[in-house]
Every structure is written in structure tokens, then in C-alpha cells.
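> Dropping a prediction and its sequence here:
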Amino acid sequence: MNRQPVVALIGATAVGKTALSISIAEKLKAEIISVDSRQVYRYMDIGTDKISLSFRREIPHHMIDIADPDEKFTVSDFAEKTSQTVRRIIERDKIPLFVGGTPFYYNALFHASLNSELPSDENVREKYETLANSQGAELLHMRLEQVDPVSAERLHKNDVKRVTRALEIFDLTGKAASEIFKTGEKRDYGFDVLYIGLSRPREELFSRIAIRLEEEFSSGFPEEVEWLLKNGFDERFNPLKGLGYRELIEYHRGKLKLNEALEASISRTKAFCRRQQTWFKKFSPAVWFDVSESNHEAEILNLIQRHLNGEDVSQ
RNA sequence: GGUGGAAUGGCCGAGUGGUCAAUGGCAACAGACUGUAAAUCUGUCGACGGGAGUCUACCAUGGUUCAAAUCCAUGUUCCACCA
């Protein structure tokens, strides 16, 4: 099978992906695919650091503003929709440029990590989460041990979400999730990705995170969350549990002062930044550039061209 | 000047004779990740050592005791109240 070469610009939050992506996309005449689990939602603009509309008129951006915050939108949706979008871009003789910081989504898109057939059912899920709440996480884990000991072994008993999901899969299919993972068919979208990683010393990353959040907090982020709440988009919906959103909801509910919400948001974003880096370490092939001194644009453009021409550039 | 209270590991903070290298939280660091992923979860966290363990630690000094972060004395600093 002939794999389609594509390029993804990765890196931790606030490293400077967006700025560079615009410049590169202009020179390459590329269209940008946002790989960002929160930018897919409408009305969540400031807190997700979404690119401005004026830029979006210059360069087409995909996978932004495609769902409402109370809508279910999953990795699977992302991967399916993105792969179709990319096919269309390529048919138009344009170049897709992946840009974003959601490692899990890259994993689904480029590493054939998802199984083809995996059902899900809100009701079953809710049933188990309720059970965990009333009877404790341990009980849930013990149940899993009975139907799917391999998954139970792998999953920590406190990880209620994953234990729930494993039980959900068993209920819906009658088969152990671990078994399906092992033997089932994977979704391979046929891409041959080259990751271009942008990095900075962590200290610098952390201070950029703080600066960015301070700016967002003083330029409309609290009001954005107020608007969302007023329109019924609250913490019941997962997107609103995101960085800054969760904290600003607590601010609007009077549980946190504004500066406390800011501090908490900064802390949680730093933790997220570390998690992203843990994922990215395993992404390959990848070429990393420290962009704290220079943005390495010329080198990056060159690498991209070569990879798209089918050369092996992963050194 | 008087009276009362407090000083604990990077920070906050529990501990009031042995089971204490010291609960917990934060920060920091490492990690897991199959349709919620900016979600969810785990581990490490005084120093040296692979480990058994050894050493240094709860403001300072001295003391009581088989044994002190915990008791006593003195000193230092801080807080509160009264002058």
C-alpha cells in the first residue's frame, strides 16, 4: 500500500506552533488541519487560543468550530473526519499541514491505534459510573477482574474512566476489551507522517504559559465562560472541564477569586504540558527543533519538502 | 515594657516521648493512555546506595530520659493582645 506522506507540526502548548504554521502554510500553499481536541468546539475561542478569523480567511483551517460544546465528539470522529478532509485537500492538489497539540488524536490518525469496531453506549457508561460513585472504584475494578482479567491487570483501580470503558465494551460485545485490542482490525488511514517537533527549555515554556493565560484572562476569557454558562454550556460537558474553563466556571460560581482561578489554570496547564511531552517522546519519525533562539523556518521548510517528495529524512 | 502564642522537609501544614525521614496539600519530576484525552489515572519526592542499610534532619545551644520534632532551661526571631 502506497502511503500518503504528510507532515505534522507538534510541540507542547505555548511553544509557538501557530505562528510558525501560518508562515509555513503561506510559503507551501498548504491548508492547516488543527489537531486540537478543544478547538473543535464553537464558542470556545479565547481559552483555546484559536487562530483569528482574519488568518483563517487567508489560509484554510480545518477541524475548528465543528461541534457544539454539549455535543459528543470523540477521537474516532476526529480521525474519520480528518482523514476525509485530508483526502479532499489532496485531491485539490493542496498540501495538508497538521498542527496542534493533542497527542491522542495524532496517535489515532497516524499510528493505527484504534480498533475498527468498538461500540459505545452512554447509558451503560453512566450505569457503571453511578455504581462507582455509590459503591466505590474498587468494586468496579473487581467486576472487571471477573470478565476481563487482562484489562483489570493493566488498569489501576482508581482509573474509573478506563475501568468503566472496559466494562462497557464487555457489556456491549460480550468480549473482553483486551481480546478485541489484541485480535481486532485496526483503523489505518494510510498516512506516512513526519513529525516536526518544536521545543523550548521547559522554564521558558512555563513562563510563556503563564503570560498567555494572564493575557487571556485580561482580554475576555472570563466573559467567554460567562457567556457559555449563560447558554447552558457548563461543566456537565467535558469540553468545559478544560484548562481555564473549569477554573473560570468556579470563579463565576463564587468558589474561586479571579486570581486564584488564574493560578490554578496556569498550574494545570503546566501539568498538561508535561503530559504532552511524555506522549511526544514516543512519536516517530520526528525531527526536533529548539525554537527558543531561532524558529528554524528554512530548515523546516526544506525538511517538509523532502519528506513530501518521498525522501527519508528521519536521519 | 508586660502577658500569651508560634518556629517542622522547596512552600503551606499535621504531628505533642518510642511504631517518625515525619499524615496531608502545593510545587517539582517520571510515567500510563483504544470513541470523555485540555479528560482520567499512577509513581517518585532529605542525602548516599541496586538493595539491606548508613548518615543528616523538625530555630539555636544545653539538659532530662534507655529513647525527644514532641518534656525542661536559656537564647534568637515572628505573631497577637495589654501598656
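Looks like it arrived, so ask away.
> Please list all residues in contact with the residue nearest to residue A:4 when sequence neighbours are not counted.
Distance criterion Cβ to Cβ, 6 or more residues apart in numbering; nearest residue to residue A:4, sequence neighbours excluded, is residue A:191 at 5.3 Å. C-betas here are computed from N, CA, C, even on glycine. The contact partners of residue A:191, taken as Cβ atoms under 8 Å, 6 or more residues apart in numbering, are A:3, A:4, A:5, A:6, A:83, A:86, A:109, A:110.
> so how far is residue A:18 from the closest residue to the first one other than its chain neighbours?
If I follow you right, that is residue A:3. In space, and not counting its chain neighbours, residue A:3 is closest to residue A:192: 3.7 Å by Cβ to Cβ, 6+ apart. Distance, residue A:192 to residue A:18, by Cβ to Cβ, to the nearest Å: 25 Å.
> and the two? which has more neighbours close in?
residue A:18 (19 against 15; other Cβ atoms under 10 Å).
> wait, does the helix or strand encompassing that one contact RNA strand B?
Assigned by DSSP states H and E, residue A:18 belongs to helix A:17-28. No. Interface with RNA strand B: helix A:17-28 contributes nothing (Cβ under 7 Å from any atom of the strand), its closest point being 11.1 Å away.
> Give me the helices and strands touching the helix or strand residue A:203 falls within, please.
Counting by DSSP H and E, the element that carries residue A:203 is helix A:202-218. In terms of contacts (3 or more Cβ pairs under 8 Å, 6 or more residues apart in numbering; DSSP states H and E), helix A:202-218 is packed against helix A:258-280.
> after the worst-scoring helix or strand of chain A on mean pLDDT, next one along is what?
When each helix and strand of chain A is scored by mean pLDDT, DSSP states H and E, helix A:122-135 comes last, with a mean of 93. Next along the chain after helix A:122-135, taking DSSP H and E as the criterion, comes helix A:137-147.
> Does that following helix reach RNA strand B?
No. Contact of helix A:137-147 with RNA strand B (Cβ under 7 Å from any atom of the strand) is absent, the minimum separation being 8.1 Å.
> The next helix or strand after that helix - what's its average pLDDT?
For helix A:137-147, the following helix or strand on the C-terminal side (DSSP H and E) is helix A:149-154. Helix A:149-154 comes out with an average pLDDT of 96.
> now swap in stretch A:16-36 and tell me
Throughout stretch A:16-36, pLDDT has a mean value of 97.
> If you count neighbours, what's buried in it?
A:16-18, A:20-22, A:24-25, A:28, A:30-36 (16 or more other Cβ atoms under 10 Å).
> can you dump the C-alpha coordinates of that stretch into PDB?
Extracted C-alpha coordinates of stretch A:16-36, given in PDB (Å, rounded to 0.1, in the frame of the first residue of the first chain):
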ATOM      1  CA  GLY A  16       4.800  28.600  19.200                       C
ATOM      2  CA  LYS A  17       3.300  26.200  16.700                       C
ATOM      3  CA  THR A  18       0.600  28.500  15.500                       C
ATOM      4  CA  ALA A  19       2.800  31.400  14.500                       C
ATOM      5  CA  LEU A  20       5.200  29.200  12.600                       C
ATOM      6  CA  SER A  21       2.400  27.200  11.000                       C
ATOM      7  CA  ILE A  22       1.000  30.400   9.400                       C
ATOM      8  CA  SER A  23       4.300  31.300   7.900                       C
ATOM      9  CA  ILE A  24       5.000  27.800   6.600                       C
ATOM     10  CA  ALA A  25       1.500  27.300   5.200                       C
ATOM     11  CA  GLU A  26       1.800  30.600   3.200                       C
ATOM     12  CA  LYS A  27       5.000  29.500   1.600                       C
ATOM     13  CA  LEU A  28       3.800  26.000   0.900                       C
ATOM     14  CA  LYS A  29       0.300  27.000  -0.100                       C
ATOM     15  CA  ALA A  30      -0.800  24.500   2.500                       C
ATOM     16  CA  GLU A  31      -4.100  24.200   4.300                       C
ATOM     17  CA  ILE A  32      -4.000  23.600   8.000                       C
ATOM     18  CA  ILE A  33      -5.600  20.800   9.900                       C
ATOM     19  CA  SER A  34      -5.900  21.700  13.500                       C
ATOM     20  CA  VAL A  35      -5.200  18.700  15.800                       C
ATOM     21  CA  ASP A  36      -6.600  20.100  18.900                       C
END
